[in-house]
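>>> I'll drop the sequence and a predicted model, then ask my questions.
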Amino acid sequence: MKKTLLPSMLTLLFLTSCLFSTPQTEPPPEPLPPTDLSSFKDGLIPEYHPVLNDLRDASKYAINFVIADDLYHITGSQAVAYTNTENVDLSEVHFRLFPNILGGEMTVENVTVNGETVTPEYGLSNSLLIVSFKTPLKPNETVILGMDFKITVPRKIELNYGVQAYYEGVLALAHAYPMIAVYDDEGWNAEIPPQSGDVTYADMSFFVVTVDAPKEVTLVGSGREGSRQDNGSRQTVRYEAGPVRDFYLAASPDYEVFVKEMNGVTLRFYARGEFREGAEFALDTAARSIEIFGERYAPYPYTELDFVSTPTLALGIEYPGMIAITEWIMPPDIGYLESVVAHEVAHQWFYNLIGNDQLDDPWLDESLAQFATMQYFKDAHGDEGWEMYRAEVKGRWAYAGNQPIPVGLPVRDYTDVEYSGIVYGRGALFFTALRDEMGVEAFDAFMKSYATENAWGISAPETLQALAETKCSCDLMPLFEEWIYP
């Protein structure tokens with residue numbers, strides 16, 4: 001997420017119950033998780049087809065959304081096939097209910113484990129749902145977890161940059177389903193995220209999502225559109241997305257679509273017609289970014305990349321195979337658009353393809369995406385482009401007083417100014433110092449290996465450092481202690 005420095009979570013229950021009593025918002029029938037991953041091949045370039053076998057134990061979501069005519073009340077149901085890929089028994093699974101900390105409300109009912117009704121527990125201001133098992137789930141065992149849910153989407157964009165909101169005719173649905181948390185060396189990883197940074201930390205998963213919505217809106221969903229049906233005043237669209245770390249959905253009656261094809265990848269930008277020039281400029285930038293990053297790191301994995309313009313308070317927000325761009329930078333003469341698009345496209349590598357804990361180690365995606373943007377400007381515009389964006393990065397750090405604050409802190413340990421200046425500024429400059437220490441040839445080889453060896457998994461600071469030291473046959477601890485570690 002490239003950020004600018006710029007309610008109550010509960011609505012009245014009787015209003016909610018009235019709004020959800022209409023036929024169009026009745027909870028849809030519980031879906032079935034996909035068992036055959038071969039259909040996801042169409043969303044991946046051929047080079048990545050083998051990963052479907054490697055990730056056969058990843059979580060598999062089947063989700064049904066019903067969007068009411070007002071566009072901010074939603075009912076849903078989901079079933080998830082969850083496999084214990086850890087080396088310990090698991091007595092429970094944790095789900096994040098992000099709407100409850102993003103200014104809206106999510107309620108969950110009819111929770112089941114392999115079809116048997118259970119009573120979950122809640123925590124973290126109702127943003128955490130804990131489903132316990134009668135008997136522990138052993139390694140390699142799979143369980144089917146089902147539930148129904150209702151969402152009231154906020155109609156303001158003050159919290160977390162408006163990633164989930166219905167505002168100015170645009171519905172932005174980020175993290176709008178119960179999401180399984182990551183289990184790592186800390187156990188189930190869940191916390192209430194600060195306002196400054198990203199909110200999710202997620203494993204790769206597969207999604208089959210069916211959306212029932214008013215016919216007059218244009219729907220845009222993660223992954224590939226599998227089918228579309230006209231139901232009179234309503235429409236039903238089915239999406240398949242995976243492997244991805246999240247599913248994102250946007251909708252607006254005002255969207256027009258602008259398309260660009262490049263080397264087997266379809267690029268689309270959904271925006272109001274008045275933003276045609278900006279959308280086409282952004283698509284050209286995205287195509288150039290994919291080519292540059294594909295050469296420097298690893299090929300872009302998907303056959304599509306979609307953009308949507310939204311009223312978000314961030315300049316841009318990354319999602320797997322999708323990017324939201326704030327409307328106010330859409331006229332290309334403003335000057336932000338090229339750098340924002342390149343930065344967000346870089347996140348398709350650093351956040352999605354190579355995952356990380358975005359709350360505890362934000363530099364592993366944001367600092368790297370900033371450095372990648374510098375490399376984009378170098379390759380697209382030569383030395384002048386490199387120096388131009390390097391000056392932008394240095395300006396970020398200067399805004400934080402050029403303080404030698406460690407880059408490797410969690411988001412919660414920075415002020416807003418420090419988060420922008422250190423993670424987006426000093427963090428990007430760290431990678432130029434790392435390149436100078438390693439030498440250009442060793443550094444470029446390291447970046448390729450980092451992208452390919454950690455693809456589809458989750459990286460950590462020690463992973464990056466160890467690989468860099470292997471590539472340069474040198475001790476980089478003094479450099480990391482100077483720049484990264486507290």
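Nice, I can see it.

>>> For stretch 303-313, C-alpha coordinates in PDB please.
Taking Å, rounded to 0.1, in the frame of the first residue of the first chain, the C-alpha atoms of stretch 303-313 are listed here in PDB:
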ATOM      1  CA  THR A 303      -3.100 -14.200 -16.900                       C
ATOM      2  CA  GLU A 304      -4.900 -11.100 -15.700                       C
ATOM      3  CA  LEU A 305      -4.300  -7.900 -13.700                       C
ATOM      4  CA  ASP A 306      -7.200  -5.700 -12.900                       C
ATOM      5  CA  PHE A 307      -7.300  -2.100 -11.600                       C
ATOM      6  CA  VAL A 308     -10.200  -0.300 -10.100                       C
ATOM      7  CA  SER A 309     -10.500   3.400  -9.200                       C
ATOM      8  CA  THR A 310     -11.900   4.000  -5.800                       C
ATOM      9  CA  PRO A 311     -12.200   6.900  -3.300                       C
ATOM     10  CA  THR A 312      -9.600   5.300  -1.000                       C
ATOM     11  CA  LEU A 313      -7.500   7.700   1.100                       C
END
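
>>> Report the distance from stretch 128-148 to the chain centre.
24 Å (Cα atoms, centre = their mean, to the nearest Å).

>>> That stretch: which residues count as buried?
128-131, 133, 137, 143-148 (16 or more other Cβ atoms under 10 Å). Backbone N, C-alpha and C define where each C-beta goes, glycine included.

>>> Confirm that I292 sits in a helix.
Yes - judged by DSSP: H, G, I helix; E, B strand; the rest coil, I292 forms part of a helix.

>>> For it, report the pLDDT, please.
Per-residue pLDDT puts I292 at 98.

>>> Tell me the confidence at the residue lying closest to it once chain neighbours are set aside?
Excluding the flanking residues, the one nearest I292 by Cβ to Cβ, 6 or more residues apart in numbering is D379, at 4.7 Å. Note for D379: predicted pLDDT of 98.

>>> In a strand, D379, correct?
No - residue state for D379 (three-state DSSP) corresponds to helix; a strand is not indicated.

>>> hang on, it packs against F293?
No - look at D379 against F293 with Cβ atoms under 8 Å: they stay out of range, at 9.4 Å.

>>> Between those two, which is the more surrounded one?
Between D379 and F293, F293 has the larger neighbour count (other Cβ atoms under 10 Å), namely 26 against 17.

>>> For that one, which residues are in contact?
300, 345-346, 348-349, 372, 376 (Cβ atoms under 8 Å, 6 or more residues apart in numbering).

>>> Pick the one among those closest to G197.
Of all those, the one sitting nearest G197 is A346; the distance, using Cβ to Cβ, is 16.6 Å.

>>> Wait, a strand at S125?
No - going by three-state DSSP, the assignment for S125 is coil, not a strand.

>>> Ramachandran coordinates for it?
Backbone geometry at S125, expressed as degrees, to the nearest 10, gives phi 60, psi 40.

>>> Counting neighbours, what do you get for it?
The number of residues packed near S125 is 11, by other Cβ under 10 Å.

>>> Please apply the same query to G187.
The local packing of G187 (other Cβ under 10 Å) involves 13 other residues.

>>> ok, now N160?
For N160, the number of neighbouring residues by other Cβ under 10 Å comes to 26.

>>> Skip the chain neighbours and tell me the closest residue to it.
L102 (5.5 Å).

>>> Please apply the same query to F307.
Going by Cβ to Cβ, 6+ apart, F307 has F269 as its nearest residue, at 4.3 Å.

>>> Am I right that that neighbour sits in a helix?
No - secondary structure of F269 (three-state DSSP): strand, not part of a helix.

>>> any idea which helix or strand comes after the lowest-mean-pLDDT helix or strand in the chain?
Least confident element among the helices and strands of the chain, by mean pLDDT, DSSP states H and E: helix 13-19 (a mean of 32). Next helix or strand after helix 13-19 toward the C-terminus (DSSP states H and E): helix 51-54.

>>> and the following helix or strand past that following helix, what does it pack onto?
Next helix or strand after helix 51-54 toward the C-terminus (DSSP H and E): strand 59-67. The elements that strand 59-67 packs onto, with contact taken as 3 or more Cβ pairs under 8 Å, 6 or more residues apart in numbering; DSSP states H and E, are strand 73-83, strand 205-214.

>>> okay but the residue nearest to N160 is in contact with V163, surely?
Yes - L102 is in contact with V163 according to Cβ under 8 Å; the separation is 6.6 Å.
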